[in-house]
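Student: My questions are about this predicted structure, shown below with the sequence.
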Amino acid sequence: MSTTTTSPTPESEGPARPGRLIQNESTMEIPVHLLFRDDPDPAPVPARPAVVGRRQGTGEQPRLRRPVPAKAPPAARVDPELVERRARVLPGVVGVLAGACGAAGCAVTSWWAGVVPPLAVEALRLPAHAGAGLGPVEWAACAGAGALALFGFGGLARGRTGRAWVLGLFGRYRGTVRRTGLMWVNPLLLRRRVDVRLRHWRSEPMPAADGNGVALRVAVLVVWRVRDTARAVLGVEDHETYLRECVEAGLARVPVELPGDTRDSAEAAGDALTRLVAADAAPVGLEVFSVRPVRTEYAPEVAAAMNRRRIAALDARQRAGMLASVVDSVEDTVTRLTVRGLVELDDYERKALVKDLTVAFCAGRGDQGP
């Protein structure tokens, strides 16, 4: 940055004034890194200088523009191939008829070629026919009829309530079958059975923590079902494993309290777990209804110390309650004696009476036990 120099002045006018580093202009370009050189940890600055406004004759510091927060990336769009849609299937009667026709065609072709054993002809009471054997035409007819029989009988499937078939052909999703009863499905399609009933899963003890960061082991009960079979089967490798990992991630973010604590905290923890797990499992077609802790205990490494701490806290609470009860009893006794005029006590006698009554009541409560 250039500076202005001043002409020499006579000694009578005093020492020369230093040149100005920044000229007194209304607007000028100043590199941002020169404005805050005393900052021990300056923020990274852009390469080009920023234009800063400054009033004339004032010591006002230049105003910096507030950084504009970056926009959040748009949500990922769902792959249209991974959305459940109905597959095309035929009634089971079609497959049965096709298979029966194919089997009948094979039998008729064999009889026409004369390769049916005589005993079978007599048993079935078929007319005798002396064929020339299996030629190219007969072989072609048998092959076609056999293929029809295999295609008809091989495509028969039985749909059950609460079960679905996810169909695929050469790695491409072709639809989902939720029908029940006998039906015919293309035998070339790959079938994957999916349980779409309402299911519950009780987990093994998983690591968690309470509000103070103490390590816990929590077993949860998850009520869920498969809502979108295409995403559940094709979106992840194993949707049940994915659900278990979502539960573990939720327990790592939500503090869980022991059963002896307040009920409201346990309900709040269950609601928070349900919301987190449901949000994580929704993209893969799983619908989670509830995630509730059913058993909570301290981790083995801290169980002994925390149990002693809880016993000591309970004992202290019991002692405090007993002491409050004794004090109330002593106060009530002394007040009744003095108000009714049964005794007249000065300060010394009052203190002595209070002391004796406190010892007596404490001894009586100690003999009764907790």
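Tutor: Received it, and whenever you're ready, just let me know what you need. Numbering: from 1, shown residues only.
Student: neighbours of the closest residue in space to residue 299 that isn't next to it in sequence, just the number please.
Tutor: Using Cβ to Cβ, 6 or more residues apart in numbering and skipping the chain neighbours, the partner closest in space to residue 299 is residue 215 (3.7 Å). For every residue, glycine as well, the C-beta is placed using N, CA and C. For residue 215, the count of nearby residues is 15 (other Cβ atoms under 10 Å).
Student: This protein - how does it break down into domains?
Tutor: 90-194, 199-300, 304-368 (automatic domain parsing).
Student: can I get the ones you listed in JSON lines with distance to residue 82 and mean pLDDT?
Tutor: Shown next, in JSON lines, are the domains of the chain (distance: least, Cβ to Cβ, whole Å; pLDDT from 0 to 100):
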{"stretch": "domain 90-194", "distance to residue 82": "7", "mean pLDDT": "85"}
{"stretch": "domain 199-300", "distance to residue 82": "5", "mean pLDDT": "89"}
{"stretch": "domain 304-368", "distance to residue 82": "46", "mean pLDDT": "78"}
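Student: Deepest-packed of those domains, please.
Tutor: Most buried of those by mean neighbour count (mean count of other Cβ atoms under 10 Å) is domain 199-300; its value is a mean of 17.
Student: got the contact list for residue 141?
Tutor: 105, 109 (Cβ atoms under 8 Å, 6 or more residues apart in numbering).
Student: which ones are touching residue 173?
Tutor: Residue 173 makes contact with 81, 82, 166, 167, 230, 234, according to Cβ under 8 Å, 6+ apart.
Student: Assign a three-state SS to it, would you?
Tutor: Assigned with DSSP: H, G, I helix; E, B strand; the rest coil, residue 173 falls in the strand class.
Student: ok, it to residue 288 distance?
Tutor: Using Cβ to Cβ, to the nearest Å, residue 173 is found at 24 Å from residue 288.
Student: coming back round to it: looking at the contacts of residue 173, which are in strands?
Tutor: The strands, defined by DSSP state E, take in 166, 167 from the contacts of residue 173.
Student: Now residue 86. Nearest residue, chain neighbours left out?
Tutor: Nearest non-adjacent residue to residue 86 (Cβ to Cβ, 6+ apart): residue 175, at 5.8 Å.
Student: residues contacting the one you found?
Tutor: 85, 86, 87, 88, 167.
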